[in-house]
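> Generate a structure from the sequence data that follows.
(chains A and B)
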Amino acid sequence: MIAHAIFFYTFSIIAVVSAIMVTASKNTVHSVFFLILDFISISCLFIMIGAEFLGMIMLIVYVGAVAVLFLFVVMMLNVAQQKNQWFAGQQSSRHIPVGLIISTLIFFEIIIVIGGWKYKPEIFDINNSLSQTSISNTHSLGQILYTDYIHVFQISGMILLVAMVGAIVLTFRQRSGLKRQSYIKQISRERAEGVEVLEVQSNKGVKIDD
Amino acid sequence: MEYLSIVFQEAYKILFLLVPVLVSVAMIVWLDRRVWAFVQKRQGPNVVGPFGLLQSLADALKYIFKEIIIPSSSNKVIFILAPIVTMTLALIAWAVIPFSATQVLADINVGILYLFAVSSLGVYGIIMGGWASNSKYPFLGAIRSAAQMVSYEVSIGVIIINVLLCVGSLNLNDIVIAQQNMWFVIPLFPMFVIFFISALAETNRPPFDLPEAEAELVAGYQTEYSGMMYAMFWLGEYANILLMCAMGAILFLGGWMSPIDVYPFTLVPGAIWLILKILLLFILFALVKAIVPRYRYDQLMRLGWKVFLPLSLIWVVLTASYLFYFNLLPVNQ
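Below is the predicted model:
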(Lines give C-alpha, C1' and ligand atoms only; values in the text may rest on other atoms or scores of the structure.)
Protein backbone atom coordinates (compact mmCIF):
# COMPACT_ATOMS: atom_id res chain seq x y z
CA MET A 1 0.00 0.00 0.00
CA ILE A 2 2.90 2.35 0.75
CA ALA A 3 4.27 1.86 -2.76
CA HIS A 4 0.82 2.75 -4.07
CA ALA A 5 0.85 5.98 -2.06
CA ILE A 6 4.36 6.88 -3.21
CA PHE A 7 3.44 6.41 -6.85
CA PHE A 8 0.14 8.26 -6.45
CA TYR A 9 1.75 11.32 -4.86
CA THR A 10 4.64 11.35 -7.34
CA PHE A 11 2.32 11.32 -10.34
CA SER A 12 -0.17 13.77 -8.88
CA ILE A 13 2.55 16.24 -7.88
CA ILE A 14 4.03 16.01 -11.38
CA ALA A 15 0.55 16.52 -12.85
CA VAL A 16 -0.21 19.61 -10.77
CA VAL A 17 3.23 21.19 -11.17
CA SER A 18 3.26 20.65 -14.93
CA ALA A 19 -0.29 22.01 -15.20
CA ILE A 20 0.91 25.17 -13.48
CA MET A 21 3.98 25.30 -15.70
CA VAL A 22 1.78 25.12 -18.82
CA THR A 23 0.48 28.58 -18.00
CA ALA A 24 3.58 29.89 -16.26
CA SER A 25 6.31 29.13 -18.80
CA LYS A 26 7.21 31.95 -21.19
CA ASN A 27 8.07 29.75 -24.14
CA THR A 28 4.94 28.38 -25.83
CA VAL A 29 6.68 25.22 -27.00
CA HIS A 30 7.73 24.54 -23.41
CA SER A 31 4.08 24.96 -22.40
CA VAL A 32 3.09 22.24 -24.85
CA PHE A 33 5.81 19.95 -23.52
CA PHE A 34 4.52 20.51 -19.99
CA LEU A 35 1.01 19.77 -21.23
CA ILE A 36 2.30 16.46 -22.60
CA LEU A 37 3.94 15.67 -19.26
CA ASP A 38 0.61 16.45 -17.61
CA PHE A 39 -1.25 14.07 -19.94
CA ILE A 40 1.27 11.32 -19.28
CA SER A 41 1.08 11.62 -15.50
CA ILE A 42 -2.74 11.70 -15.64
CA SER A 43 -2.75 8.52 -17.69
CA CYS A 44 -0.42 6.96 -15.09
CA LEU A 45 -3.02 7.91 -12.45
CA PHE A 46 -5.72 6.27 -14.57
CA ILE A 47 -3.68 3.09 -14.73
CA MET A 48 -3.19 3.19 -10.94
CA ILE A 49 -6.94 3.13 -10.26
CA GLY A 50 -7.26 0.13 -12.56
CA ALA A 51 -8.62 1.96 -15.60
CA GLU A 52 -5.83 0.74 -17.86
CA PHE A 53 -7.89 1.07 -21.05
CA LEU A 54 -8.65 4.75 -20.38
CA GLY A 55 -5.01 5.41 -19.50
CA MET A 56 -3.73 3.88 -22.73
CA ILE A 57 -6.37 5.62 -24.86
CA MET A 58 -5.41 8.89 -23.17
CA LEU A 59 -1.78 8.26 -24.17
CA ILE A 60 -2.66 7.29 -27.74
CA VAL A 61 -5.22 9.99 -28.48
CA TYR A 62 -4.00 12.99 -26.50
CA VAL A 63 -0.25 12.47 -26.34
CA GLY A 64 0.25 10.49 -29.53
CA ALA A 65 -1.96 12.52 -31.85
CA VAL A 66 -3.55 15.69 -30.45
CA ALA A 67 -0.46 17.05 -28.68
CA VAL A 68 1.72 16.28 -31.71
CA LEU A 69 -0.53 18.42 -33.90
CA PHE A 70 -0.62 21.06 -31.18
CA LEU A 71 3.16 21.15 -31.07
CA PHE A 72 3.24 21.19 -34.85
CA VAL A 73 1.07 24.32 -34.98
CA VAL A 74 2.80 26.10 -32.09
CA MET A 75 6.22 25.51 -33.64
CA MET A 76 5.08 26.86 -37.00
CA LEU A 77 3.55 30.07 -35.61
CA ASN A 78 5.81 32.82 -34.46
CA VAL A 79 4.03 33.01 -31.13
CA ALA A 80 6.67 34.97 -29.22
CA GLN A 81 6.44 37.88 -31.62
CA GLN A 82 2.65 37.88 -31.57
CA LYS A 83 2.57 37.87 -27.79
CA ASN A 84 4.84 40.89 -27.61
CA GLN A 85 2.55 42.75 -29.98
CA TRP A 86 -0.44 41.89 -27.84
CA PHE A 87 1.08 43.05 -24.61
CA ALA A 88 2.67 46.18 -26.05
CA GLY A 89 -0.20 47.45 -28.17
CA GLN A 90 -3.76 48.52 -27.50
CA GLN A 91 -5.08 45.21 -28.85
CA SER A 92 -4.64 43.44 -25.53
CA SER A 93 -7.44 45.40 -23.84
CA ARG A 94 -9.97 43.98 -26.28
CA HIS A 95 -9.16 40.41 -25.32
CA ILE A 96 -9.17 40.90 -21.55
CA PRO A 97 -12.99 40.89 -21.02
CA VAL A 98 -13.43 37.66 -23.00
CA GLY A 99 -10.64 36.00 -21.04
CA LEU A 100 -12.14 37.21 -17.78
CA ILE A 101 -15.58 35.83 -18.61
CA ILE A 102 -14.19 32.42 -19.58
CA SER A 103 -11.96 32.17 -16.55
CA THR A 104 -14.76 33.12 -14.13
CA LEU A 105 -16.98 30.49 -15.73
CA ILE A 106 -14.30 27.82 -15.33
CA PHE A 107 -13.60 29.02 -11.78
CA PHE A 108 -17.26 28.56 -10.78
CA GLU A 109 -17.39 25.18 -12.50
CA ILE A 110 -14.39 24.04 -10.48
CA ILE A 111 -16.02 25.32 -7.27
CA ILE A 112 -19.20 23.38 -8.06
CA VAL A 113 -17.22 20.22 -8.76
CA ILE A 114 -15.11 20.52 -5.61
CA GLY A 115 -18.18 21.37 -3.52
CA GLY A 116 -19.93 18.18 -4.62
CA TRP A 117 -16.87 15.99 -4.13
CA LYS A 118 -16.59 13.76 -1.10
CA TYR A 119 -13.83 11.46 -0.10
CA LYS A 120 -15.29 7.98 0.11
CA PRO A 121 -13.20 5.17 1.51
CA GLU A 122 -15.69 2.65 0.09
CA ILE A 123 -14.30 3.36 -3.36
CA PHE A 124 -11.34 1.13 -2.50
CA ASP A 125 -13.71 -1.74 -1.69
CA ILE A 126 -15.50 -1.28 -4.99
CA ASN A 127 -12.14 -1.21 -6.74
CA ASN A 128 -11.02 -4.39 -5.03
CA SER A 129 -14.26 -6.20 -5.76
CA LEU A 130 -13.97 -5.15 -9.40
CA SER A 131 -10.45 -6.44 -9.74
CA GLN A 132 -11.46 -9.78 -8.27
CA THR A 133 -13.96 -10.47 -11.03
CA SER A 134 -12.50 -11.98 -14.15
CA ILE A 135 -13.96 -9.36 -16.50
CA SER A 136 -11.23 -7.03 -17.63
CA ASN A 137 -11.54 -3.28 -17.74
CA THR A 138 -11.83 -3.22 -21.52
CA HIS A 139 -14.55 -5.87 -21.61
CA SER A 140 -16.71 -4.16 -19.01
CA LEU A 141 -16.31 -0.82 -20.76
CA GLY A 142 -17.34 -2.34 -24.08
CA GLN A 143 -20.30 -4.14 -22.59
CA ILE A 144 -21.68 -0.90 -21.15
CA LEU A 145 -20.71 1.46 -23.95
CA TYR A 146 -22.24 -0.54 -26.80
CA THR A 147 -25.46 -1.59 -25.03
CA ASP A 148 -26.78 0.87 -22.43
CA TYR A 149 -25.08 3.97 -23.75
CA ILE A 150 -25.17 3.24 -27.48
CA HIS A 151 -27.13 6.42 -28.31
CA VAL A 152 -24.79 8.67 -26.33
CA PHE A 153 -21.87 6.94 -28.01
CA GLN A 154 -23.36 7.48 -31.48
CA ILE A 155 -24.15 11.12 -30.72
CA SER A 156 -20.59 11.80 -29.62
CA GLY A 157 -19.39 10.15 -32.80
CA MET A 158 -21.69 12.40 -34.83
CA ILE A 159 -20.41 15.50 -33.00
CA LEU A 160 -16.85 14.53 -33.85
CA LEU A 161 -17.83 13.95 -37.48
CA VAL A 162 -19.50 17.35 -37.67
CA ALA A 163 -16.43 18.99 -36.17
CA MET A 164 -14.24 17.21 -38.71
CA VAL A 165 -16.40 18.20 -41.66
CA GLY A 166 -16.49 21.77 -40.35
CA ALA A 167 -12.73 21.95 -40.08
CA ILE A 168 -12.32 20.62 -43.61
CA VAL A 169 -14.88 23.04 -45.03
CA LEU A 170 -13.25 26.00 -43.27
CA THR A 171 -9.76 25.25 -44.52
CA PHE A 172 -10.61 23.89 -47.96
CA ARG A 173 -9.92 26.21 -50.84
CA GLN A 174 -9.66 25.46 -54.50
CA ARG A 175 -6.55 27.06 -55.89
CA SER A 176 -6.35 27.72 -59.58
CA GLY A 177 -3.32 27.10 -61.72
CA LEU A 178 -2.18 24.18 -59.63
CA LYS A 179 -0.52 21.25 -61.36
CA ARG A 180 -1.78 17.96 -60.06
CA GLN A 181 -0.40 14.52 -60.69
CA SER A 182 -3.02 12.09 -61.96
CA TYR A 183 -1.79 8.55 -61.62
CA ILE A 184 -4.52 7.08 -63.82
CA LYS A 185 -3.71 9.53 -66.59
CA GLN A 186 -0.02 8.74 -66.33
CA ILE A 187 -0.45 4.99 -66.35
CA SER A 188 -3.03 4.94 -69.15
CA ARG A 189 -0.82 6.90 -71.54
CA GLU A 190 -0.29 5.00 -74.78
CA ARG A 191 2.73 4.99 -77.00
CA ALA A 192 0.70 6.43 -79.87
CA GLU A 193 -0.11 9.68 -78.08
CA GLY A 194 3.33 10.18 -76.62
CA VAL A 195 5.72 9.27 -79.40
CA GLU A 196 5.71 10.19 -83.06
CA VAL A 197 8.23 8.92 -85.60
CA LEU A 198 9.13 11.43 -88.28
CA GLU A 199 11.26 11.38 -91.38
CA VAL A 200 13.70 14.23 -90.91
CA GLN A 201 15.08 15.68 -94.08
CA SER A 202 18.48 17.28 -93.94
CA ASN A 203 18.63 21.09 -93.89
CA LYS A 204 14.84 21.31 -93.38
CA GLY A 205 14.27 20.11 -89.82
CA VAL A 206 10.99 19.40 -88.09
CA LYS A 207 8.45 21.71 -86.57
CA ILE A 208 7.91 20.39 -83.05
CA ASP A 209 5.16 22.60 -81.65
CA ASP A 210 1.92 23.06 -83.46
CA MET B 1 12.81 -6.07 3.04
CA GLU B 2 10.31 -8.18 1.18
CA TYR B 3 9.48 -5.21 -0.99
CA LEU B 4 13.14 -4.61 -1.75
CA SER B 5 13.62 -8.21 -2.88
CA ILE B 6 10.71 -7.83 -5.32
CA VAL B 7 12.33 -4.70 -6.73
CA PHE B 8 15.66 -6.50 -7.14
CA GLN B 9 13.98 -9.45 -8.81
CA GLU B 10 12.26 -7.17 -11.29
CA ALA B 11 15.46 -5.21 -11.94
CA TYR B 12 17.22 -8.51 -12.64
CA LYS B 13 14.52 -9.50 -15.15
CA ILE B 14 14.65 -6.09 -16.83
CA LEU B 15 18.42 -6.37 -17.15
CA PHE B 16 18.12 -9.80 -18.74
CA LEU B 17 15.64 -8.39 -21.25
CA LEU B 18 17.38 -5.12 -22.11
CA VAL B 19 20.95 -6.36 -22.50
CA PRO B 20 20.02 -8.88 -25.23
CA VAL B 21 17.85 -6.24 -26.91
CA LEU B 22 20.73 -3.75 -26.98
CA VAL B 23 23.20 -6.36 -28.24
CA SER B 24 20.77 -7.46 -30.93
CA VAL B 25 20.27 -3.82 -31.95
CA ALA B 26 24.03 -3.60 -32.54
CA MET B 27 23.96 -6.86 -34.51
CA ILE B 28 20.94 -5.78 -36.52
CA VAL B 29 22.75 -2.65 -37.69
CA TRP B 30 25.49 -4.90 -39.03
CA LEU B 31 22.91 -7.17 -40.68
CA ASP B 32 21.19 -4.17 -42.26
CA ARG B 33 24.43 -2.93 -43.78
CA ARG B 34 25.40 -6.43 -44.94
CA VAL B 35 22.06 -7.08 -46.67
CA TRP B 36 22.17 -3.65 -48.25
CA ALA B 37 25.69 -4.35 -49.51
CA PHE B 38 24.87 -7.80 -50.90
CA VAL B 39 21.93 -6.45 -52.90
CA GLN B 40 24.30 -3.91 -54.47
CA LYS B 41 27.02 -6.56 -55.06
CA ARG B 42 29.34 -5.06 -52.46
CA GLN B 43 30.97 -6.72 -49.44
CA GLY B 44 29.68 -4.43 -46.70
CA PRO B 45 31.38 -4.28 -43.29
CA ASN B 46 33.56 -7.42 -43.17
CA VAL B 47 36.78 -6.33 -41.47
CA VAL B 48 36.18 -6.05 -37.72
CA GLY B 49 35.77 -9.49 -36.18
CA PRO B 50 34.45 -12.62 -37.94
CA PHE B 51 32.33 -11.56 -40.96
CA GLY B 52 32.58 -8.01 -39.61
CA LEU B 53 30.23 -8.90 -36.76
CA LEU B 54 31.95 -6.52 -34.35
CA GLN B 55 31.63 -3.52 -36.70
CA SER B 56 28.81 -1.98 -34.64
CA LEU B 57 30.83 -2.27 -31.44
CA ALA B 58 33.75 -0.53 -33.14
CA ASP B 59 31.38 2.22 -34.31
CA ALA B 60 29.95 2.60 -30.82
CA LEU B 61 33.46 2.91 -29.39
CA LYS B 62 34.23 5.61 -31.91
CA TYR B 63 31.05 7.52 -30.96
CA ILE B 64 31.86 7.33 -27.27
CA PHE B 65 35.23 9.00 -27.78
CA LYS B 66 33.86 11.78 -29.97
CA GLU B 67 33.08 15.15 -28.47
CA ILE B 68 29.42 16.02 -27.82
CA ILE B 69 28.82 19.42 -29.35
CA ILE B 70 25.81 21.39 -28.10
CA PRO B 71 25.03 24.35 -30.37
CA SER B 72 25.15 27.62 -28.45
CA SER B 73 21.78 28.84 -29.76
CA SER B 74 20.02 25.54 -29.09
CA ASN B 75 17.50 24.92 -26.35
CA LYS B 76 19.91 22.92 -24.22
CA VAL B 77 17.59 20.94 -21.94
CA ILE B 78 15.35 19.74 -24.75
CA PHE B 79 18.36 19.18 -27.00
CA ILE B 80 19.85 16.74 -24.49
CA LEU B 81 16.47 15.24 -23.61
CA ALA B 82 15.56 14.31 -27.21
CA PRO B 83 17.92 11.31 -27.74
CA ILE B 84 17.16 10.10 -24.22
CA VAL B 85 13.42 10.14 -24.97
CA THR B 86 13.95 8.26 -28.25
CA MET B 87 16.09 5.60 -26.60
CA THR B 88 13.86 5.17 -23.53
CA LEU B 89 10.67 4.85 -25.56
CA ALA B 90 12.28 2.31 -27.85
CA LEU B 91 13.32 0.20 -24.88
CA ILE B 92 10.29 0.38 -22.54
CA ALA B 93 8.04 -1.12 -25.20
CA TRP B 94 9.91 -4.43 -24.93
CA ALA B 95 8.36 -4.96 -21.48
CA VAL B 96 5.17 -6.42 -22.96
CA ILE B 97 6.62 -8.55 -25.78
CA PRO B 98 5.91 -12.21 -24.96
CA PHE B 99 8.80 -14.58 -25.72
CA SER B 100 6.71 -17.61 -24.73
CA ALA B 101 3.48 -18.24 -22.84
CA THR B 102 5.24 -17.47 -19.54
CA GLN B 103 8.34 -15.50 -20.50
CA VAL B 104 7.02 -11.97 -20.49
CA LEU B 105 8.04 -9.11 -18.22
CA ALA B 106 4.58 -7.54 -17.90
CA ASP B 107 1.62 -9.61 -19.10
CA ILE B 108 -0.83 -6.69 -19.05
CA ASN B 109 -4.44 -6.71 -20.24
CA VAL B 110 -3.95 -3.93 -22.77
CA GLY B 111 -0.60 -5.06 -24.17
CA ILE B 112 -1.29 -4.15 -27.78
CA LEU B 113 -2.58 -0.70 -26.79
CA TYR B 114 0.58 -0.17 -24.75
CA LEU B 115 2.74 -1.09 -27.76
CA PHE B 116 0.72 1.23 -29.98
CA ALA B 117 0.92 4.07 -27.45
CA VAL B 118 4.67 3.76 -27.02
CA SER B 119 5.30 3.60 -30.75
CA SER B 120 3.14 6.68 -31.27
CA LEU B 121 5.12 8.54 -28.59
CA GLY B 122 8.29 7.83 -30.56
CA VAL B 123 7.67 10.94 -32.65
CA TYR B 124 8.49 13.19 -29.67
CA GLY B 125 12.20 12.37 -29.68
CA ILE B 126 12.38 13.51 -33.28
CA ILE B 127 10.29 16.66 -32.83
CA MET B 128 12.21 17.67 -29.71
CA GLY B 129 15.57 17.09 -31.38
CA GLY B 130 14.55 18.98 -34.50
CA TRP B 131 13.08 21.95 -32.69
CA ALA B 132 15.74 22.28 -29.98
CA SER B 133 18.56 22.33 -32.54
CA ASN B 134 17.33 25.77 -33.63
CA SER B 135 18.49 25.21 -37.17
CA LYS B 136 16.70 24.99 -40.52
CA TYR B 137 17.33 21.43 -41.66
CA PRO B 138 16.59 19.71 -38.35
CA PHE B 139 13.39 21.71 -38.02
CA LEU B 140 12.20 20.78 -41.50
CA GLY B 141 13.03 17.15 -40.78
CA ALA B 142 11.10 17.24 -37.51
CA ILE B 143 8.03 18.81 -39.11
CA ARG B 144 8.07 16.23 -41.89
CA SER B 145 8.41 13.36 -39.49
CA ALA B 146 5.62 14.63 -37.22
CA ALA B 147 3.15 14.73 -40.11
CA GLN B 148 4.35 11.41 -41.50
CA MET B 149 4.24 9.44 -38.27
CA VAL B 150 0.82 10.76 -37.25
CA SER B 151 -0.58 9.85 -40.68
CA TYR B 152 0.69 6.30 -40.71
CA GLU B 153 -0.24 5.65 -37.08
CA VAL B 154 -3.88 5.96 -38.11
CA SER B 155 -3.69 3.08 -40.55
CA ILE B 156 -1.65 0.96 -38.11
CA GLY B 157 -4.36 1.54 -35.52
CA VAL B 158 -7.08 0.41 -37.92
CA ILE B 159 -5.04 -2.68 -38.86
CA ILE B 160 -4.71 -3.54 -35.17
CA ILE B 161 -8.52 -3.32 -34.92
CA ASN B 162 -8.71 -5.95 -37.68
CA VAL B 163 -6.57 -8.34 -35.69
CA LEU B 164 -8.43 -7.58 -32.46
CA LEU B 165 -11.74 -8.44 -34.12
CA CYS B 166 -10.38 -11.93 -34.76
CA VAL B 167 -8.89 -12.31 -31.27
CA GLY B 168 -11.30 -10.66 -28.87
CA SER B 169 -8.59 -9.61 -26.43
CA LEU B 170 -5.98 -6.89 -26.12
CA ASN B 171 -3.51 -9.18 -24.39
CA LEU B 172 -0.49 -10.04 -26.55
CA ASN B 173 -0.34 -13.64 -25.35
CA ASP B 174 -4.03 -14.10 -26.25
CA ILE B 175 -3.29 -12.69 -29.69
CA VAL B 176 -0.52 -15.25 -30.17
CA ILE B 177 -2.62 -18.15 -28.89
CA ALA B 178 -5.53 -17.17 -31.18
CA GLN B 179 -3.23 -17.92 -34.11
CA GLN B 180 -2.76 -21.55 -33.09
CA ASN B 181 -4.65 -22.95 -36.09
CA MET B 182 -3.86 -20.33 -38.66
CA TRP B 183 -1.53 -17.34 -38.61
CA PHE B 184 -3.37 -14.10 -39.26
CA VAL B 185 -1.07 -13.44 -42.20
CA ILE B 186 -3.20 -15.86 -44.27
CA PRO B 187 -6.74 -14.48 -43.78
CA LEU B 188 -5.54 -10.89 -43.33
CA PHE B 189 -2.78 -10.88 -45.96
CA PRO B 190 -3.64 -7.43 -47.43
CA MET B 191 -3.54 -6.01 -43.91
CA PHE B 192 -0.12 -7.57 -43.37
CA VAL B 193 1.20 -5.83 -46.48
CA ILE B 194 -0.27 -2.48 -45.38
CA PHE B 195 1.09 -3.00 -41.87
CA PHE B 196 4.55 -3.69 -43.25
CA ILE B 197 4.57 -0.55 -45.40
CA SER B 198 3.11 1.58 -42.59
CA ALA B 199 5.79 0.20 -40.26
CA LEU B 200 8.42 1.38 -42.74
CA ALA B 201 6.89 4.86 -42.63
CA GLU B 202 6.45 4.81 -38.86
CA THR B 203 10.12 4.04 -38.26
CA ASN B 204 11.34 6.51 -40.93
CA ARG B 205 12.92 3.74 -42.97
CA PRO B 206 13.56 4.04 -46.71
CA PRO B 207 11.61 4.55 -48.97
CA PHE B 208 9.92 6.86 -46.42
CA ASP B 209 13.05 8.29 -44.79
CA LEU B 210 12.06 11.88 -45.62
CA PRO B 211 12.80 13.24 -42.11
CA GLU B 212 16.46 12.48 -42.74
CA ALA B 213 16.59 12.61 -46.52
CA GLU B 214 20.31 13.22 -46.90
CA ALA B 215 20.04 14.70 -50.38
CA GLU B 216 17.70 17.51 -49.22
CA LEU B 217 18.06 17.91 -45.47
CA VAL B 218 21.71 16.92 -44.69
CA ALA B 219 20.65 14.45 -41.97
CA GLY B 220 17.28 15.87 -40.96
CA TYR B 221 16.66 16.09 -37.24
CA GLN B 222 20.06 14.55 -36.43
CA THR B 223 22.09 17.23 -38.21
CA GLU B 224 23.27 19.07 -35.07
CA TYR B 225 23.92 15.94 -33.03
CA SER B 226 27.33 14.43 -32.52
CA GLY B 227 29.10 11.77 -30.53
CA MET B 228 27.13 9.58 -28.15
CA MET B 229 23.94 11.63 -28.54
CA TYR B 230 23.87 10.84 -32.24
CA ALA B 231 24.56 7.19 -31.43
CA MET B 232 21.61 7.16 -29.05
CA PHE B 233 19.29 8.44 -31.77
CA TRP B 234 20.65 5.78 -34.02
CA LEU B 235 20.27 2.98 -31.48
CA GLY B 236 16.77 4.16 -30.61
CA GLU B 237 15.81 4.15 -34.26
CA TYR B 238 17.00 0.58 -34.78
CA ALA B 239 15.41 -0.56 -31.50
CA ASN B 240 12.15 0.91 -32.83
CA ILE B 241 12.56 -0.98 -36.09
CA LEU B 242 13.11 -4.23 -34.18
CA LEU B 243 10.03 -3.40 -32.12
CA MET B 244 7.87 -2.90 -35.20
CA CYS B 245 9.19 -6.23 -36.55
CA ALA B 246 8.27 -7.88 -33.24
CA MET B 247 4.82 -6.29 -33.42
CA GLY B 248 4.36 -7.63 -36.96
CA ALA B 249 5.54 -11.08 -35.86
CA ILE B 250 3.08 -11.13 -32.95
CA LEU B 251 0.11 -9.73 -34.84
CA PHE B 252 0.46 -11.70 -38.07
CA LEU B 253 3.13 -14.40 -37.85
CA GLY B 254 2.05 -16.22 -34.72
CA GLY B 255 4.56 -14.71 -32.27
CA TRP B 256 6.38 -17.40 -30.29
CA MET B 257 4.31 -20.22 -31.83
CA SER B 258 6.17 -22.79 -33.92
CA PRO B 259 5.15 -22.76 -37.59
CA ILE B 260 4.14 -26.43 -37.62
CA ASP B 261 2.63 -27.99 -34.53
CA VAL B 262 4.53 -31.33 -34.76
CA TYR B 263 7.07 -33.00 -32.50
CA PRO B 264 10.58 -31.75 -33.40
CA PHE B 265 9.42 -28.18 -33.94
CA THR B 266 7.56 -27.86 -30.66
CA LEU B 267 10.79 -28.66 -28.76
CA VAL B 268 12.37 -25.40 -29.92
CA PRO B 269 11.76 -22.67 -27.32
CA GLY B 270 9.30 -19.94 -28.26
CA ALA B 271 11.89 -17.19 -27.94
CA ILE B 272 13.87 -18.70 -30.84
CA TRP B 273 10.81 -18.79 -33.09
CA LEU B 274 9.99 -15.19 -32.23
CA ILE B 275 13.58 -14.09 -32.94
CA LEU B 276 13.56 -15.96 -36.27
CA LYS B 277 10.29 -14.24 -37.27
CA ILE B 278 11.64 -10.83 -36.23
CA LEU B 279 14.77 -11.50 -38.28
CA LEU B 280 12.70 -12.51 -41.30
CA LEU B 281 10.74 -9.27 -41.13
CA PHE B 282 13.92 -7.27 -40.55
CA ILE B 283 15.61 -8.76 -43.61
CA LEU B 284 12.54 -7.68 -45.60
CA PHE B 285 12.99 -4.16 -44.14
CA ALA B 286 16.65 -4.19 -45.19
CA LEU B 287 15.81 -5.45 -48.70
CA VAL B 288 13.23 -2.69 -49.14
CA LYS B 289 15.88 -0.15 -48.18
CA ALA B 290 18.19 -1.50 -50.85
CA ILE B 291 15.77 -1.77 -53.75
CA VAL B 292 13.14 0.99 -53.49
CA PRO B 293 13.77 4.67 -54.32
CA ARG B 294 12.63 7.38 -51.91
CA TYR B 295 9.05 8.66 -52.14
CA ARG B 296 8.20 12.28 -52.77
CA TYR B 297 6.49 13.90 -49.80
CA ASP B 298 3.08 14.44 -51.43
CA GLN B 299 3.13 10.82 -52.67
CA LEU B 300 3.82 9.68 -49.14
CA MET B 301 0.87 11.61 -47.75
CA ARG B 302 -1.39 10.43 -50.55
CA LEU B 303 -0.45 6.81 -49.88
CA GLY B 304 -1.17 7.16 -46.16
CA TRP B 305 -4.47 9.04 -46.26
CA LYS B 306 -6.02 8.19 -49.60
CA VAL B 307 -4.95 4.57 -50.07
CA PHE B 308 -4.08 2.86 -46.80
CA LEU B 309 -6.68 4.43 -44.53
CA PRO B 310 -9.73 3.69 -46.77
CA LEU B 311 -8.41 0.20 -47.59
CA SER B 312 -7.88 -0.78 -43.98
CA LEU B 313 -11.26 0.72 -42.97
CA ILE B 314 -13.02 -1.29 -45.68
CA TRP B 315 -11.19 -4.36 -44.47
CA VAL B 316 -12.45 -3.74 -40.91
CA VAL B 317 -16.01 -3.74 -42.20
CA LEU B 318 -15.32 -6.90 -44.23
CA THR B 319 -13.73 -8.75 -41.33
CA ALA B 320 -16.48 -7.72 -38.93
CA SER B 321 -19.27 -8.73 -41.34
CA TYR B 322 -17.60 -12.04 -42.15
CA LEU B 323 -17.10 -12.91 -38.48
CA PHE B 324 -20.64 -11.80 -37.64
CA TYR B 325 -22.31 -13.61 -40.52
CA PHE B 326 -20.56 -16.92 -39.90
CA ASN B 327 -20.94 -16.50 -36.14
CA LEU B 328 -17.18 -16.65 -35.60
CA LEU B 329 -16.88 -13.60 -33.36
CA PRO B 330 -14.75 -14.45 -30.33
CA VAL B 331 -16.88 -14.27 -27.21
CA ASN B 332 -15.09 -14.09 -23.89
CA GLN B 333 -16.78 -15.00 -20.64
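> Once you drop chain neighbours, what's closest to residue 153?
Picked chain A for this. In space, residue A:153 comes closest to residue A:145 once its chain neighbours are excluded; the distance is 5.6 Å by CB to CB, 6 or more residues apart in numbering or on different chains. All C-beta spots, glycine's among them, are computed from the backbone N, C-alpha and C.
> ah, I was thinking of chain B
residue B:120 (5.1 Å).
> So that neighbour is in contact with residue A:65, correct?
Yes. Counting by CB atoms under 8 Å, residue A:65 is a contact partner of residue B:120 at 7.1 Å.
> between those two, who's got more neighbours?
Of the pair residue B:120 and residue A:65, residue B:120 is the one with more neighbours under other CB atoms under 10 Å in any protein chain shown, namely 25 against 17.
> for the more buried one, helix, strand, or coil?
helix (DSSP: H, G, I helix; E, B strand; the rest coil).
> Against residue A:57, how distant is the most centrally placed residue in chain A?
Computing the C-alpha centroid of chain A and ranking residues by CA atoms, centre = their mean puts residue A:66 first, at 1.8 Å. Applying CB to CB, to the nearest Å, the value for residue A:66 to residue A:57 is 12 Å.
> With residue B:315 instead?
Taking CB to CB, one finds residue B:315 at 22 Å from residue A:57.
> can you check residue A:14 too?
20 Å.
> And residue B:271, by the same measure?
Distance of residue B:271 to residue A:57, computed by CB to CB: 31 Å.
> Model confidence at the residue nearest to residue B:153, what's the number?
For residue B:120, the model assigns a pLDDT of 85.
> what sits against it?
Contacts for residue B:120 (CB atoms under 8 Å, 6 or more residues apart in numbering or on different chains) come out as A:59-60, A:63-65, B:149, B:153.
> what's the following helix or strand after the one helix or strand in chain A whose mean pLDDT sits lowest?
The weakest-scoring helix or strand in chain A, judged by mean pLDDT, DSSP states H and E, is helix A:79-88 (a mean of 58). The helix or strand immediately downstream of helix A:79-88 is helix A:91-115, counting by DSSP states H and E.
> Can you list the buried residues in that next one?
Across helix A:91-115, burial judged by 16 or more other CB atoms under 10 Å in any protein chain shown covers no residue at all.
> residues in chain B within reach of chain A, list them.
By CB under 8 Å from any CB of the partner chain, the residues of chain B that approach chain A are B:3, B:78, B:108-110, B:113-114, B:116-117, B:120-121, B:123-124, B:127-128, B:131, B:139, B:142-143, B:146-147, B:149-150, B:153, B:157, B:170, B:298, B:332-333.
> Return the subset of these lying in helices.
B:3, B:78, B:113-114, B:116-117, B:120-121, B:123-124, B:127-128, B:131, B:139, B:142-143, B:146-147, B:149-150, B:153, B:157, B:298 (DSSP state H).
> Chain neighbours aside, what residue packs nearest to the residue of chain A found nearest chain B?
Chain A approaches chain B most closely through residue A:64 (3.2 Å), counting by CB to the nearest CB. In space, and not counting its chain neighbours, residue A:64 is closest to residue B:120: 3.2 Å by CB to CB, 6+ apart.
> shouldn't residue B:175 be in contact with residue B:162?
No. Residue B:175 lies out of contact with residue B:162 (CB under 8 Å); the separation is 11.8 Å.
> Not counting stretch B:297-315 itself, show me its contacts.
Contacts for stretch B:297-315 (CB under 8 Å, 6+ apart): A:181, B:144, B:147-148, B:151-152, B:154-155, B:158-159, B:162, B:188, B:190-191, B:194, B:197-198, B:201, B:208, B:210, B:295.
> Start and end of it, how far apart?
26 Å (CA to CA, to the nearest Å).
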